[in-house]
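Peer 1: 3D model of this:
(chains A and B)
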Amino acid sequence: MEAFGLLAYGFSVLLTWKILALMMVGLVLGIFVGVLPGLGGPNGVAILLPLTFTMDPTSAIVMLSCIYWGALFGGAITSILFNIPGEAWSVATTFDGYPMAQQGRAAEALTAAFTSSFIGSLVAVLLITFLAPGIASFALKFGPPEFFAVYLLTFCSFVGLGREEKHKTIISMALGLLLTGVGMDTVSGQLRMTFGSSDLLRGINFLVAVIGLFGISEILLTMEERLALRGHAASISLRVVLKVWKEMPRYWVTLLRSSAIGCWLGITPGGAIAASFMGYNLAKRFSKDKDSFGKGRIEGVFAPETAAHASGTAALLPMLALGIPGSGTAAILLGGLMVWGLNPGPLLFVEHKGFVWGLIASMYLGNVVGLVLVLTTVPLFAAVLRVPFSAIAPMIVVSCAIGAYAIQNAMFDIWLMLLFGVVGYVFKKIGIPLAPFTLALVLGNRAEDSFRLSMIGAQGDMRVFWSNGLVGSITTLALILLFWPLIGGAIGRMRSALVKTTT
Amino acid sequence: MPKPDAEIVVEDPAAPASDSPAVTTSRTVDVAVSLLLFAFAGLLAFDNWRTGMGWDSTGPQAGYFPFYLSVILAGACLYGIGKEFLARKAAAETFVTRDQLRRVLQVFVPTLLFCLLMQWLGLYAASFLLVAGFMAVIGRIAAWKSLLTAFLFVLAMFVTFDIAFDVIMPKGPLESLFGR
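Peer 2: Numbering: from 1, shown residues only, chains lettered A, B, ... in the order given. Take a look at the predicted model:
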C-alpha cells in the first residue's frame, strides 16, 4: 500500500525534537483551553494561531492540530467533573458522565471518555489516511465549474441540513460571503465596497473576524452566566484505567456505530455537533436497558465521545483533500494554511507532501500522547478551574488583541475584532449560526473566483454547471440539499396521503 | 467501595440574579438586527451596482457576485421580519436581563478602553493596566495579587511574542525607555 510508505515518511518528518516539543506544548495549551470556561476548540485555535506565524508550516499545523486535540480532550474533563460542557458537542457527555462522577466513579468516566475519544479519532484518521489521497488525486481533475459546484454543495448542505432556522443560516452565509468581497477584486483589480476607506482596501481578514466572533463574543457570553461551579476533583489510577479498558470490548458495537456516525457527519459540513447527540441517542435506542441511560451508564460516555472525536477529526478530511473545511475549527486551520503561504486544495498532496503527511502522522501521534497526557494530569487541569474568571477574562482579551494585530500589523483590525465580538454576541443570542459565517468567510473568495472563471470559460452560459456528469450531479445534489426541507416535507405529505388512501 | 472524591467549589457572589428584569426581548433585537442588515444589504447593493453588476466581454463584472448576494441577504432579512410579525403570539423570550447587561458591560467597557489606550501606551502597558485593573476592581482580588499576576502575564507575553517569536506589537513610551 502506498499510504503506508507515505505515512512512514510523515512520521520521519515528525520525529524531530523541535516538533515533538511543539506537540506537547500544543496539547497542554489545548487541554488548558478546553478546560477553561469561555474557551473551546475554535476559540483556542484562533487565539493561539499568531504563535505560529513565524514557524514553518509543518511545525505550525502540528502545534495547532494538537491544540485542537487537546481542546477536544479537555472538554470532557469539565463535562464529567462539573457538568459544564466546554463545547456544544460535549453536552451529550454530561448526560451519563456527570452522574457517574456523582457516584464517585469520576475516574472511570474520565478514562472512558478519553479512551473512546482516542478510538473515535483513530478510526477517523485511518479513514483520512486511506481515503484523502484518493479523493485529492481525483479532485486534481477538477476545473473551476467542478470546484464551484463543490463549494455550492457545501453552502447548500449547511442551509438544508442545519438545525437552525433556514433564513438565519442564509443571512449568516450571505453576510460572510459579502464581507469577503470587500477590498480589491482579485479578477478585475477593481475596488469594491470600500467606500473610500484605505483600511478596507486590504479587505476583511478572516482570522480577525474569527478572533472577534469566537474569542471576544464568548467572553461576553460567559460573563452573563453564573460562574459558580461545584464539582469533583479526581485522579485516575492505573487500576481504574485497566478496569475500564477490560470492560471496553463489550461495547464494540456502540464504539463502531458512533465512529461511523462521527466520520460521516464530520465530513458533511455542519454536522459536528449533531454527531455526539446522534451517537448517544442511537446507543440508547439499541440498548436492551434503556432506562439506565442518564443515570451513570458507562456506555453513555463511550457513545457521544467516540462520535464527537470521530467527527472532529473527520472534518479535516475534506479540508485536506478539497480545501473545504467540515467544521468551524477546520475552517480556522484552513485560514492558518493561507497565512503560512500554502494553497489549500488537492494540490497540497502533490506539492507539500511533507506537510500533509506530517499532519496526518501527527494526528496518530498527537492522539496517543494526548491520551497518556490527560490520563496522568487530570487533577492538575481540573484545578485550573479554581483560577477566578476575572483573572482569565482580561488575559483572553489581551491574547485576542495580540492575535488580531499580528496578522496584518494594523490597529484597524483591533477595532474590527471588537466589532465582530459584538456581532458574534448578538448573533448567538438571537440564533443566527456562526459556523456558516466562518465557512463563507474562508471560502468566499475562492467560490467567487471559481464561479467567474467558469463563466469566462463558458462565455456566460450557466449550463456549464451541467456540462458533464460529474459537475452536473454535484450541482443537482447541491440544489436538492438546498431545498431539502421543502422536498422532505412534500415526500412526507405524499406518504401520509398514500397511507390514507390505501387504508 | 470507591471513596467520594474531594470537591472543587468556586463561588460567584456577583452572579446576575435570575429574577433581574429584562432589558429587551429577543424578538425586538431580532427585528432590529434584521432591519439593520437589510439597510446594510441595500447600501452594499447600491455600491455594487455602481461598480457594475452586469456582464461585459470578460464575463461577470466585479459587482455581479456581491450584488446578488446583497439581494439574497436583503430577502432573507425581509423574510425574517415578516415571520416575526406574523407569529406575534409567541412568548417573548428575554434577550438580556439588567444584571446580565451590567456584567457584559463590565467586560466590554474595559476592553474598549484597552483598545483606546493601546494606541498611546502600546499593547504591553495597556495589557498590564487591563489585567491588573480588571482583577482588582471587578474581580475584587487583593491589589498585590492583581499587580503581580498582571506583571507576570505581561512579561510572559513580551518574552513569547517580542523576544522569542518576533511578532511586532504596538509599542509606547515605556518600551522605548528600555530601548526595545
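
Peer 1: Report the closest residue of chain B relative to chain A.
Peer 2: Closest residue of chain B to chain A, CB to the nearest CB: B:G139 (2.6 Å). From N, CA and C alone the C-beta is placed, and that goes for glycine too.

Peer 1: count of neighbours near that residue?
Peer 2: 20 (other CB atoms under 10 Å in any protein chain shown).

Peer 1: Could you report the neighbour count for the spatially closest residue to it that is not a sequence neighbour?
Peer 2: Leaving aside its sequence neighbours, B:G139 sits nearest to A:S390 (CB to CB, 6 or more residues apart in numbering or on different chains; 2.6 Å). Using other CB under 10 Å, the number of residues around A:S390 comes to 22.

Peer 1: residue contacts, A:S390?
Peer 2: If you count contacts by CB atoms under 8 Å, 6 or more residues apart in numbering or on different chains, A:S390 has them with B:F134, B:M135, B:I138, B:G139, B:R140, B:I141.

Peer 1: one more time with 6 Å
Peer 2: B:M135, B:I138, B:G139 (CB atoms under 6 Å, 6 or more residues apart in numbering or on different chains).

Peer 1: Buried residues, the longest helix along chain A. List them.
Peer 2: In chain A, assigned by DSSP state H, the helix with the most residues is helix A:106-139. Applying a neighbour-count criterion of 16 or more other CB atoms under 10 Å in any protein chain shown, one finds A:106-129, A:131-133, A:135-136, A:139 buried in helix A:106-139.

Peer 1: mind putting the contacts of A:S390 in TSV, pLDDT and secondary structure included?
Peer 2: Formatted as TSV, the contacts of A:S390 follow (pLDDT from 0 to 100; DSSP: H, G, I helix; E, B strand; the rest coil):
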residue	pLDDT	secondary structure
B:M135	90	helix
B:I138	86	helix
B:G139	83	coil
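
Peer 1: show me where pLDDT drops low in chain A?
Peer 2: Applying pLDDT under 70 to chain A flags the ranges A:1-2, A:37-41, A:86-88, A:226-229, A:233, A:269-273, A:501-503.

Peer 1: ok, now chain B?
Peer 2: Within chain B, the segments meeting pLDDT under 70 span B:1-8, B:13, B:88-91, B:179-180.

Peer 1: Can you give me the neighbour number for the residue of the stretch 1-150 of chain A found nearest chain B?
Peer 2: Across the stretch 1-150 of chain A, the shortest distance to chain B (CB to the nearest CB) belongs to A:G104, at 4.5 Å. Under the neighbour criterion other CB under 10 Å, A:G104 is assigned a count of 15.

Peer 1: Pretty sure it sits in a strand.
Peer 2: No - according to DSSP: H, G, I helix; E, B strand; the rest coil, A:G104 belongs to no strand; its state is coil.

Peer 1: Tell me how far it lies from A:S327.
Peer 2: Counting by CB to CB, to the nearest Å, the gap from A:G104 to A:S327 is 35 Å.

Peer 1: now do B:P16
Peer 2: Noted for B:P16: a distance of 31 Å to A:S327, by CB to CB.

Peer 1: Okay, and the nearest residue to A:W415 once chain neighbours are set aside sits in which element?
Peer 2: Nearest residue to A:W415 in three dimensions, chain neighbours excluded: B:C115, at 6.8 Å (CB to CB, 6+ apart). According to DSSP states H and E, B:C115 maps onto helix B:98-121.

Peer 1: For whatever helix or strand comes next after that helix, list the C-alpha coordinates in CSV.
Peer 2: Going down the chain from helix B:98-121, the next helix or strand is helix B:123-133, by DSSP H and E. Presented in CSV, the C-alpha positions along helix B:123-133 are these (Å, rounded to 0.1, in the frame of the first residue of the first chain):
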residue,chain,number,x,y,z
LEU,B,123,0.0,46.9,23.8
TYR,B,124,2.0,45.7,26.7
ALA,B,125,1.5,48.6,29.0
ALA,B,126,-2.2,48.7,28.2
SER,B,127,-2.4,44.9,28.9
PHE,B,128,-0.9,45.4,32.3
LEU,B,129,-3.5,48.1,33.1
LEU,B,130,-6.3,45.9,31.8
VAL,B,131,-5.4,42.7,33.7
ALA,B,132,-4.5,44.4,36.9
GLY,B,133,-7.4,46.8,36.8
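
Peer 1: C-terminal to the helix or strand the residue nearest to B:G139 falls within, what's the next element?
Peer 2: In this structure, A:S390 sits in helix A:389-408 according to DSSP H and E. The helix or strand immediately downstream of helix A:389-408 is helix A:411-429, counting by DSSP H and E.

Peer 1: so where do the helices sit in the stretch 351-500 of chain A?
Peer 2: Using DSSP state H, counting those that start in this stretch, the helices found in the stretch 351-500 of chain A span residues A:353-383, A:389-408, A:411-429, A:435-457, A:469-482, A:484-502.

Peer 1: now for the third one, which elements pack on it?
Peer 2: I take that to be helix A:411-429. Here helix A:411-429 is seen to pack against helix A:206-210, helix A:217-224, helix A:389-408 when contacts are counted using 3 or more CB pairs under 6 Å, 6 or more residues apart in numbering or on different chains; DSSP states H and E.

Peer 1: Quick check: which of those is nearest to A:M24?
Peer 2: A:M24 lies closest to helix A:389-408 among those, at 19.9 Å (CB to CB).

Peer 1: before we move on, back to that, helices or strands up against the helix holding B:C115?
Peer 2: Secondary-structure packing of helix B:98-121 (3+ CB pairs under 6 Å, 6+ apart): helix A:217-224, helix B:123-133.

Peer 1: burial count for the closest residue to B:A17 other than its chain neighbours?
Peer 2: Using CB to CB, 6+ apart and skipping the chain neighbours, the partner closest in space to B:A17 is B:D99 (5.3 Å). Using other CB under 10 Å, the number of residues around B:D99 comes to 18.

Peer 1: number of nearby residues for B:C77?
Peer 2: B:C77 has 26 neighbouring residues, counting by other CB under 10 Å.

Peer 1: and whichever strand or helix holds A:I67 with chain B, contact?
Peer 2: Using DSSP H and E, A:I67 maps to helix A:57-82. No - using CB under 6 Å from any CB of the partner chain, helix A:57-82 never reaches chain B; the gap is at least 7.5 Å.

Peer 1: quick one, longest helix in chain B?
Peer 2: helix B:26-51.

Peer 1: quick check: angle from that helix to helix A:411-429?
Peer 2: Note on geometry: by axes from the mean of the first three to the mean of the last three CA atoms, to 10 degrees, helix B:26-51 and helix A:411-429 are set 130 degrees apart in direction.

Peer 1: Which neighbouring elements make contact with helix B:26-51?
Peer 2: Contacts defined by 3+ CB pairs under 6 Å, 6+ apart place helix B:26-51 against helix B:64-86.

Peer 1: hmm, 8 Å instead?
Peer 2: The contact analysis (3 or more CB pairs under 8 Å, 6 or more residues apart in numbering or on different chains; DSSP states H and E) places helix B:26-51 against helix A:166-181, strand A:191-192, helix A:411-429, helix B:64-86, strand B:94-97.
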